[in-house]
Structure formats: structure tokens, C-alpha cells
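Novice: 3D model of this:
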Amino acid sequence: MSVQSRLNEIWYGGARPPWWLLPLSAIYGVASRLRRLGYAKQWRRSTRLTRPVIVIGNLSVGGTGKTPLVCWLALRLAGLRFRPGIVTRGYGGSSRRAQLVQTSDDSNTVGDEAIMLARSTGVPVAIGRDRPAAAQLLINAGCDVIVSDDGLQHYALARDCEIIVVDGERRFGNGRLLPAGPLREVPQRLKEADAVVVNGGPAVIGGHVALAGALRVRLEAINAIALRYGTAKPLSEFAGRSVHAVAAIGNPQRFFKMLESLGIHVIAHALPDHARLRVDDISFADDLPVLMTEKDAVKCTEIAGPNHWYVPVSVVFDDGEAEVLQDVVAKSIEKCAART
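Specialist: I've put the predicted structure just below:
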């Protein structure tokens, strides 16, 4: 059993954490609170940019659906005649400097998510461990709104709006902080956000306590796209068939369950998040189709065969809730404009 599988049993499966993880979680909690206090008291520098910064993040590690929401918001802002740009860490890439991302860049250098964001939205994307520097590159490139992907805990970049995404199925796991649990911050942190979005389940905290004002979304997949040819095929055509499903994402089970809900018989291949995929990872002895996530597909363009497909997902809100989130973001942008 891999380390991640064992952690998932502890975090989400009800297994008891080893005793030695508990003091590590306590240390993590103290360090996290002190770090945040340092920014609040201005003992550590937080950079405020001349353009509004909208942060989309989560309290837990692993996939909650924040990146599809980043794509949705960037496209929504572009449709409202803003010039959005996306700043992200560049996880999985080797680059340490702040830089603008080109869709032709090597995912091993800039990270798989950065290329996926650039390709799926068409807006400028910048990566960098120094997020303020990376965001400034976007402003220099003409962007007038910055959307920060997975930036909730990156307090060096001051923000005008915080949107927290919660996994509606896994929620907060066992409710413990890292490493005994999946949480980066305690659930009470939700009260400070401008908006909370629950992906794929009821708007709840903990067991059954309703979270007032939470918005609900789901991820929807309609087509599969051939990596080699770029042609689209309805996922309904895979229903009743067996396929290999490859996912190197934070929560691969979400991808597998989504395919199974469409009547597809899934042979699952879960890999570590941001894993560098090789031919052997996506090639199998039979001739069955191979479906993968859009994030994984950017790493497989050169090694894909005719049976390799990726499945893009889009965010779907409950009735009227897209406009609610849009209004929250718009008010934050207006406040920033009034301040400057």
C-alpha cells in the first residue's frame, strides 16, 4: 500500500491515526496560526497589487474541484469584458522563477495545471513560487483582474476576494490538521471567506450542520477528446464498454466515479497527483480505450496513441447561483477600484 493510500484511509476511511501523527498536527496548527498572525500584524510582508486579486482555494489537500472553478471564473470575467489572468504555483514543474506560461511549454518545466489552464481558458497564465511577482507579470501583460489558483494559504499576495471550495462528498475527512488529517486550516476559516462553494454534495460542515449561504456546483463531462486527432466523441458512446481510466490528480476516485455514473465500466489506474506520465503508465496490453483527465492529457501529447482520450469537465451551478458568485466577485472588484 502506498503512503497516499494509507493516508487516505486515515483521513477519509475512518482508520485511527498513529499516535505520532497527532503531535505533528498540533505543531502544524501552531505554525500555521503563527504564520497567518505574522501577516495580519504585518510582521511579514503582504503585497497588495494595483489590480483586484480573487483567490480560489480550499481548506484540505487534494482535489476539491477548485481548478475547474478557476477556469469558469476566468471565462466569466472575460465574457464581462474584463482582461483576467491566472496565477498559480506551477506544481509538478521544475521552474523556480516567475514566468508567463505558453501553451507550448513543457509541463515538466511549468507544471501540468498551468498548461491546462492556459489551453482551456485562453487567458494569460503566470507561475511562480513568488506569487506577487508572478501576478505582477500578468498586470504588466495587460490583465486587469488576477485569479489566484490554490492561493488561499499564500498570504504574501494580498487578496480582495476569497472563494473557498469544499468537496461535498469527502468534506473535511476526519477533521484533523495535516498530517493526521487532510486539513490545511480549520473549518472555522470558512466564516472569513467571501463565498463558499460546495462541489458535488450538500452544503454542510462536519456531519450534518447546514452552512448558510454556501453555493452548490457539480462537475459535468459531456465529451471525450482524442489526444492525437483533437476530435470529440460523446461520452455516451462509451457507455456499456470497458475502458482504462488514468488519473494523476488529487482525488482520482472522483474521476472514476464520474465515468461510472455514465454507465462506463472503469478499469481504474490511480497515480500520484502531478505524476510525470510515461508510455507504460497509459499503455495496456488490450485495445480498450484509455480515458484520462484534461490535466493529465497535457503530459501525454507526444506519447498518445489513437485510443487515448481526455475528458474535459465544466462547472454547473444550481439555478441562479452562478449570478450570486458573479455578484460577490463584482463587488470585490468595485471595492478595489474605489480604493485605488
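Novice: Please count neighbours and contacts with C-alpha atoms only from this point.
Specialist: OK.
Novice: any idea of the mean pLDDT for stretch 149-163?
Specialist: Average pLDDT, stretch 149-163: 95.
Novice: Output the lowest mean pLDDT helix or strand found in the protein.
Specialist: Lowest on mean pLDDT, DSSP states H and E among the helices and strands of the chain sits strand 209-210, with a mean of 45.
Novice: Relative to the helix or strand following it, what are the paired strands and their orientations?
Specialist: The first helix or strand that comes after strand 209-210 along the chain, using DSSP states H and E, is strand 215-220. Next to strand 215-220 in the sheet, as set by DSSP bridges, lie strand 195-199 (parallel), strand 314-317 (antiparallel).
Novice: Show me which residues of strand 215-220 are buried.
Specialist: Neighbour-count burial for strand 215-220 flags 215, 216, 217, 218, 219 (criterion: 16 or more other Cα atoms under 10 Å).
Novice: same thing with stretch 270-290?
Specialist: With burial defined by 16+ other Cα under 10 Å, the residues of stretch 270-290 counted as buried are 270, 271, 272, 273, 274, 275, 276, 277, 282, 283, 289, 290.
Novice: Now, those that are in helices?
Specialist: Of the buried residues of stretch 270-290, the ones assigned to helices by DSSP state H are residue 282.
Novice: For residue 117, state which of the buried residues of stretch 270-290 is nearest.
Specialist: Minimum distance to residue 117 across the buried residues of stretch 270-290 is 14.3 Å, recorded for residue 274 (Cα to Cα).
Novice: Now the closest one: closest residue in space that isn't a chain neighbour?
Specialist: residue 92 (5.3 Å; Cα to Cα, 6 or more residues apart in numbering).
Novice: Would you confirm that the one you found contacts residue 115?
Specialist: No - the pair residue 92 and residue 115 does not pass the contact test of Cα atoms under 8 Å, sitting 11.3 Å apart.
Novice: Overlap of the contact sets of the two?
Specialist: residue 107 (Cα atoms under 8 Å, 6 or more residues apart in numbering).
Novice: neighbour count winner among the two?
Specialist: residue 115 (23 against 18; other Cα atoms under 10 Å).
Novice: That one and residue 102 touch, don't they?
Specialist: Yes - using Cα under 8 Å, residue 115 is in contact with residue 102, at 7.3 Å.
Novice: so who does the closest residue to residue 48 other than its chain neighbours touch?
Specialist: Excluding the flanking residues, the one nearest residue 48 by Cα to Cα, 6+ apart is residue 158, at 4.9 Å. Neighbouring residues of residue 158 by Cα under 8 Å, 6+ apart: 46, 47, 48, 49, 53.
Novice: Top of these by number of neighbours, please.
Specialist: Highest count within the contacts of residue 158 by other Cα under 10 Å belongs to residue 53, 28 neighbours.
Novice: follow-up on the earlier one: so which of the strands paired with strand 215-220 gets nearest residue 301?
Specialist: Across those, closest to residue 301 is strand 314-317 (Cα to Cα), at 21.4 Å.
Novice: which strands and helices sit next to whatever helix or strand comes next after that closest one?
Specialist: Sequence-wise, the next helix or strand downstream of strand 314-317 (DSSP H and E) is helix 321-339. Where contact means 3 or more Cα pairs under 8 Å, 6 or more residues apart in numbering; DSSP states H and E, helix 321-339 is packed against strand 215-220.
Novice: and the helix or strand following the strand it packs on, which strands flank it?
Specialist: Next in sequence after strand 215-220, counting helices and strands by DSSP H and E, comes strand 223-226. According to DSSP bridges, strand 223-226 forms sheet pairs with strand 232-234 (antiparallel), strand 308-311 (antiparallel).
Novice: all helices for the protein, in order.
Specialist: With DSSP H applied, the chain shows helices at 3-12, 21-40, 66-79, 107-110, 112-121, 131-140, 252-261, 279-282, 294-297, 321-339, listed in chain order.
Novice: Go through those helices and pick out the most buried.
Specialist: When you average the neighbours per residue for each of these (mean count of other Cα atoms under 10 Å), helix 294-297 leads with a mean of 24.
Novice: which outside residues touch that one?
Specialist: 112-113, 116, 227, 247-249, 274, 277, 309-312.
Novice: Quick one: the residues you listed as TSV, columns for distance to residue 180 too.
Specialist: Putting the contacts of helix 294-297 into TSV (distance: Cα to Cα, whole Å) gives the following:
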residue	distance to residue 180
112	28
113	27
116	31
227	39
247	25
248	23
249	21
274	22
277	29
309	36
310	34
311	33
312	33
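Novice: any idea which of those is least confident?
Specialist: residue 274 (84).
Novice: low pLDDT regions in the stretch 151-300 of the chain?
Specialist: Residues of the stretch 151-300 of the chain meeting the criterion pLDDT under 70: 201-212.
Novice: Let's see that with 90 instead.
Specialist: 151, 168-171, 200-214, 250-251, 272-276 (pLDDT under 90).
Novice: can you list contacts of stretch 161-176?
Specialist: Here stretch 161-176 makes contact (Cα under 8 Å, 6+ apart) with 10-12, 14, 25, 53-60, 63-66, 152, 181-183, 186-187, 190, 193-206, 329, 332.
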